[in-house]
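Enquirer: any chance you could fold what I've pasted below:
(2 chains)
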Amino acid sequence: MNNNDIIRPENLVYKKPSLLNDAHMHYCPGCSHGVVHKLVAEVIEEMGMAEKAIGVSPVGCAVFAYNYIDIDWLEAAHGRATAMATATKRLMPDKLVFTYQGDGDFAAIGTCESIHSCNRGENIAIIFINNAIYGMTGGQMAPTTLLGQKTATCPYGRRPDLNGYPLSITPLLAQLDGTCYVTRQSVHKPASVRKAKAAIRKAFENSMQGKGTSVVEIVSTCNTGWKLSPEKANQWMEENMFAKYPLGDLKDVESKG
Amino acid sequence: MAKVRGAVTVNTERCKGCNLCVVACPSKVLDLQQKEVNNRGYHFAYMAQPDNCIGCQSCSLVCPDACIEVYRVIEK
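Expert: Modelled structure (predicted):
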């Protein structure tokens, strides 16, 4: 049996989700954003919510998310995606409203909106991409930057006496009564991609069932900002990021029974 | 014993040559082109060892640009 016998439509087991359009993504080669976009498109397609989904895109690398996934999108001011999603969901409760934010948007300039939206228990899903650096602006230090990590604005490594400590915001949100599902995932291995997809699906379903705010943090790489190859960036993430940002569910109201 | 055979197609114009699929493949099927490039100048991925493919979808799951389609058949 040669390849031409295998490559037939009836044998197809995996293809690009149809909601992900043909526009060439502007992300750097190996960027985790592409994987998460793909998962979001797949989940919305599988839920049959293409006509009802409204995403709120942030300011950051993912600002052009509306060019890549064929659903309705809003573009929020820097950090205000959760506030915009709040209004959208309250006005149109039958829509699937989610935000897609990076760490500079969600955990730096938008911390106030993020925490209060979660505390109010808005029925939205939040996808939070944490790559410990400001990717779009050229690799400056973010609140989530690890101690000792070198960036453009802390070239000798982050120091706690000068720059403070890295902000792990997801455990803070898990303490709030408004959140129903808080989890931390990654997309660096096939198994972790499957887990992240299940987490996004659960977050979207929670938001449609009106259970409260769901937060899915994706610990990601920024190989350009970290100045590593995509492969090395994944290794660096496993060795360094997971110590500060361990993977797993931080809160799941359902499982408590 | 039934043998699982797989094959992948790579959307070469979409591929950015990030090498993540090559690393993720458990059967060492994929590799990046050494000399050929696509319109954007990236060394795209291709099946270097097509006979080893088992259609496990690992490459397509980690691909950030969703450029890999996977096909699988079970040989009787």
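
Enquirer: show me which residues of chain B are close to chain A?
Expert: B:5-7, B:9, B:11, B:14, B:16-20, B:23-24, B:40, B:42, B:47, B:50, B:55-58, B:60-73, B:75 (C-beta under 8 Å from any C-beta of the partner chain). Heads up, the C-betas are built off the backbone N, CA and C, glycines and all.

Enquirer: which ones among the residues you listed are found in strands?
Expert: B:Arg5, B:Gly6, B:Ala7, B:Thr9, B:Met47, B:Ile68, B:Glu69, B:Val70, B:Tyr71, B:Arg72, B:Val73, B:Glu75 (DSSP state E).

Enquirer: can you tell me the closest non-neighbouring residue to the second one?
Expert: I take that to be B:Gly6. Counting by C-beta to C-beta, 6 or more residues apart in numbering or on different chains, B:Gly6 lies nearest to B:Gly55, which is 2.4 Å off, once chain neighbours are set aside.

Enquirer: which residues does A:Tyr245 contact?
Expert: A:Asn130, A:Ser168, A:Thr170, A:Arg184, A:Glu217, A:Val219 (C-beta atoms under 8 Å, 6 or more residues apart in numbering or on different chains).

Enquirer: could you export those as CSV, including secondary structure and neighbour count?
Expert: Listed next are the contacts of A:Tyr245 as CSV, based on DSSP: H, G, I helix; E, B strand; the rest coil; neighbours: other C-beta atoms under 10 Å in any protein chain shown:
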residue, secondary structure, neighbour count
A:Asn130, strand, 28
A:Ser168, coil, 16
A:Thr170, helix, 23
A:Arg184, strand, 24
A:Glu217, strand, 28
A:Val219, strand, 28
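
Enquirer: now those as a markdown table including pLDDT and distance to A:Trp226?
Expert: Formatted as a markdown table, the contacts of A:Tyr245 follow (pLDDT from 0 to 100; distance: C-beta to C-beta, whole Å):
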| residue | pLDDT | distance to A:Trp226 |
| --- | --- | --- |
| A:Asn130 | 95 | 13 |
| A:Ser168 | 94 | 19 |
| A:Thr170 | 95 | 21 |
| A:Arg184 | 96 | 19 |
| A:Glu217 | 96 | 18 |
| A:Val219 | 96 | 13 |
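
Enquirer: one step back: next, the residue nearest to B:Gly6: phi, psi?
Expert: Here is the backbone geometry of B:Gly55 (degrees, to the nearest 10): phi 60, psi 40.

Enquirer: same check on the one 10 residues further on?
Expert: In this entry, B:Asp65 is assigned phi and psi values of phi -110, psi 10 (degrees, to the nearest 10).

Enquirer: per-residue confidence at it?
Expert: pLDDT, B:Asp65: 93.

Enquirer: correct me, but it touches B:Cys15?
Expert: Yes. Counting by C-beta atoms under 8 Å, B:Cys15 is a contact partner of B:Asp65 at 6.5 Å.

Enquirer: in the contacts of A:Tyr245, find the pair that's most separated.
Expert: Pairwise distances among these were taken by C-beta to C-beta; the largest, 10.6 Å, belongs to A:Ser168 and A:Val219.

Enquirer: any idea which residue of chain B lies closest to chain A?
Expert: Nearest residue of chain B to chain A: B:Pro64, at 2.9 Å (C-beta to the nearest C-beta).

Enquirer: quick one: A:Pro93 and A:Asn123 touch, right?
Expert: Yes. Between A:Pro93 and A:Asn123 there is a contact at 7.4 Å, judged by C-beta under 8 Å.

Enquirer: ok, A:Lys232 - contacts?
Expert: Counting by C-beta under 8 Å, 6+ apart, A:Lys232 has contacts A:Asn223.
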